[in-house]
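Asker: Below: sequence and its predicted model.
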Amino acid sequence: MTGDENPLSRRTLLASGAALGVFLAGCSGTSDEPTPTTTPTPTPDGGNGPGGGTPTGTPTPTPAALESFDYPAGATRSGIDAARLLGTHEATVTDAGSVTVMVEEETTYENRTETLDRLDAFDSDSVYRRDVRDQVAERAWSPADESVTYVRMDVGDRRRYRIDDSGPGRSSIAGLEPFDALLAGAAWGEARAVVETLDGGTGVVYDATGVADEARLLELLSGQVVTDLTASVTVGAAGYVEEATYDLTVRRDGAVVARTATVTVTSLGETTVPEPSWANTARREGTRFDAGITSSEDFVRLELVNGADLPAQTTVLVTADRAGSAAVGETVTVGETVYAGFNEAGKLQVDVGSRPLTDVKLRGPVSVVVELGRFTLFRGRFDL
């Protein structure tokens, strides 16, 4: 990746993210996206960039600029201390009180490609996430004065809501999760160039020179071995990682899997997260369960406590020391409880209002997912 290509990727990401937000807002007839500040416009500086102009962020390749740069804790002229830099970044973002983080990923398998577009944001009042993957769009909003997260799910022209007991948190957004694995997993060279950051300040660019901790990189993309890595980070003098990018290739069960990803941090201290226009609908119609494991530890218990009726084709998936799935088989209304457990043959049995005829104990951590077509209505994990 050349010096001129890297800043262009930041501008492309922000433009595509903004367009995506407009498209998604248009689906509901209103815009309830967080409102970051305006992205600075490119400024020419004598024709170093493509077409004779230099876009915002184009490196200024002068040793003097690198020597005099005001490096934040964890970054130096000679390289990066990943743990310390991540701590500096997290403290800076947390102290700012609000931020917008945009993520784009494209993962290529032998016979398909998957994309992810995500926007995370928080201010003093709430946390927001917009997640679009495989044509399924989820928006999650968690107000500070409530202990739940309201989720709107769109699949084409179909829509449902759910209410989660947890959701995206400020700490995970502030910590660049999971890009801390990139900082720790890559070996970083010395500072390469000084750039203008999106907030109008200055930053410094580092490129990966190899692999420092393969296990950490495999947290980004699972596999048995890393076969190729190209990565860079831009660290602002203000004390945060403004951009991280990587191209990572791994070998998984004999096949090659590759991922290209970019995360961009913007509008530090300037982001506003409004209450979505659909929040009251989610409060009324959002599927919510009181879920757990029975005292006899042989059944998953899912009491529907809020939301629309669940159709008979709603599926429960349970994974413990064995795995299985089954449809509930009848309509479930608020106040009714769904029980799921395995019989002696290892088949998952599901019943509404009463326990199935089985007494096989669940073992190990138990994961539970409730799905209606491509809508995820519940996801939980219980330790025994």
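Answerer: Perfect, thanks for sending it. Numbers count the residues shown, from 1 in each chain.

Asker: need the helices for the stretch 51-200 of the chain, in chain order.
Answerer: Listed in chain order, the helices of the stretch 51-200 of the chain (DSSP state H, counting those that start in this stretch) span 63-68, 82-96, 170-174, 180-185.

Asker: Quick check: which of those is nearest to residue 375?
Answerer: Between residue 375 and these, the shortest gap by Cβ to Cβ is with helix 170-174, which sits at 23.7 Å. Yep, even glycine has a C-beta here, placed from its N, CA and C like the rest.

Asker: How far does the closest one sit from its chain's centre?
Answerer: Distance, stretch centre to chain centre, for helix 170-174: 11 Å (Cα atoms, centre = their mean, to the nearest Å).

Asker: re the thing from before, quickly compare the helices of the stretch 51-200 of the chain and say which is most buried.
Answerer: Comparing these by mean neighbour count (mean count of other Cβ atoms under 10 Å), helix 180-185 comes out on top with a mean of 22.

Asker: So residue 181 sits against residue 214, correct?
Answerer: No. Assessed by Cβ atoms under 8 Å, residue 181 is found out of contact with residue 214, at 10.9 Å.

Asker: so where's the stretch 1-150 of the chain uncertain?
Answerer: Within the stretch 1-150 of the chain, the segments meeting pLDDT under 70 span 1-31, 35-63.

Asker: cutoff 90 now
Answerer: Residues of the stretch 1-150 of the chain meeting the criterion pLDDT under 90: 1-65, 133-135.

Asker: after the helix or strand containing residue 340 comes which helix or strand?
Answerer: Assignment of secondary structure by DSSP states H and E places residue 340 within strand 337-342. Under the assignment DSSP H and E, the closest C-terminal helix or strand after strand 337-342 is strand 348-352.

Asker: could you check the angle strand 337-342 makes with the very next helix or strand once past that next one?
Answerer: With elements assigned by DSSP H and E, the helix or strand that comes after strand 348-352 is strand 366-372. Counting by axes from the mean of the first three to the mean of the last three Cα atoms, to 10 degrees, strand 366-372 lies at 120 degrees to strand 337-342.

Asker: Name the next helix or strand downstream of strand 366-372, please.
Answerer: Sequence-wise, the next helix or strand downstream of strand 366-372 (DSSP H and E) is strand 375-382.

Asker: Counting by contacts, list what that next one packs against.
Answerer: strand 149-155, strand 158-164, strand 288-293, strand 366-372 (3 or more Cβ pairs under 8 Å, 6 or more residues apart in numbering; DSSP states H and E).

Asker: So which of these is nearest residue 320?
Answerer: strand 366-372 (4.6 Å).

Asker: Partner strands of that closest one, with direction?
Answerer: Strand 366-372 has the following sheet partners, assigned by DSSP bridges: strand 315-319 (antiparallel), strand 375-382 (antiparallel).

Asker: With distance to residue 111, mean neighbour count and mean pLDDT as extra columns, can I get the ones you listed in a markdown table?
Answerer: Shown next, in a markdown table, are these (distance: least, Cβ to Cβ, whole Å; neighbours: other Cβ atoms under 10 Å; pLDDT from 0 to 100):
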| stretch | distance to residue 111 | mean neighbour count | mean pLDDT |
| --- | --- | --- | --- |
| strand 315-319 | 24 | 18 | 97 |
| strand 375-382 | 24 | 17 | 95 |
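
Asker: right, and those strands - which one's nearest residue 124?
Answerer: That would be strand 375-382 among the strands paired with strand 366-372, by Cβ to Cβ, at 27.9 Å.

Asker: Off-centre distance for that closest one?
Answerer: On Cα atoms, centre = their mean, the centre of strand 375-382 falls 17 Å from that of its chain.

Asker: What are the buried residues along stretch 100-119?
Answerer: Within stretch 100-119, the residues scored as buried using 16 or more other Cβ atoms under 10 Å are 100-105, 107, 117-119.

Asker: contacting residues around it?
Answerer: If you take Cβ atoms under 8 Å, 6 or more residues apart in numbering as the criterion, stretch 100-119 is touched by 13-14, 16-17, 20-21, 33-34, 36, 120-121, 128-134, 173, 176, 221, 255-267, 271.

Asker: please redo it, this time with the cut-off set to 6 Å
Answerer: When contacts are defined by Cβ atoms under 6 Å, 6 or more residues apart in numbering, stretch 100-119 is touched by residues 13, 17, 20, 34, 36, 120-121, 130-133, 173, 255, 257-267, 271.

Asker: Sitting in strands, which of these do you find?
Answerer: 120-121, 130-133, 255, 257-266 (DSSP state E).

Asker: what about burial for these, which qualify?
Answerer: 120-121, 130-132, 257-266.

Asker: ok, so of those, who is nearest residue 361?
Answerer: residue 131 (35.5 Å).

Asker: any idea how far residue 127 is from residue 164?
Answerer: 12 Å (Cβ to Cβ, to the nearest Å).

Asker: of the two, who's got more company?
Answerer: Remark: of residue 164 and residue 127, residue 127 carries more neighbours, 22 against 19, as counted by other Cβ atoms under 10 Å.

Asker: isn't that one right up against residue 143?
Answerer: No. Using Cβ atoms under 6 Å, residue 127 is not in contact with residue 143, being 8.4 Å away.

Asker: Taking their axis directions, the strand holding residue 340 and strand 288-293 sit at what angle?
Answerer: Using the same axes, to 10 degrees: strand 337-342 against strand 288-293 is 40 degrees.

Asker: going forward, begin numbering at 742 instead of 1
Answerer: Okay, using 742 as the starting number, the last item reads as strand 1078-1083.

Asker: circling back to that earlier point, out of the helices of the stretch 792-941 of the chain, flag the one nearest residue 1091.
Answerer: Among these, helix 911-915 comes nearest to residue 1091, with 32.9 Å by Cβ to Cβ.
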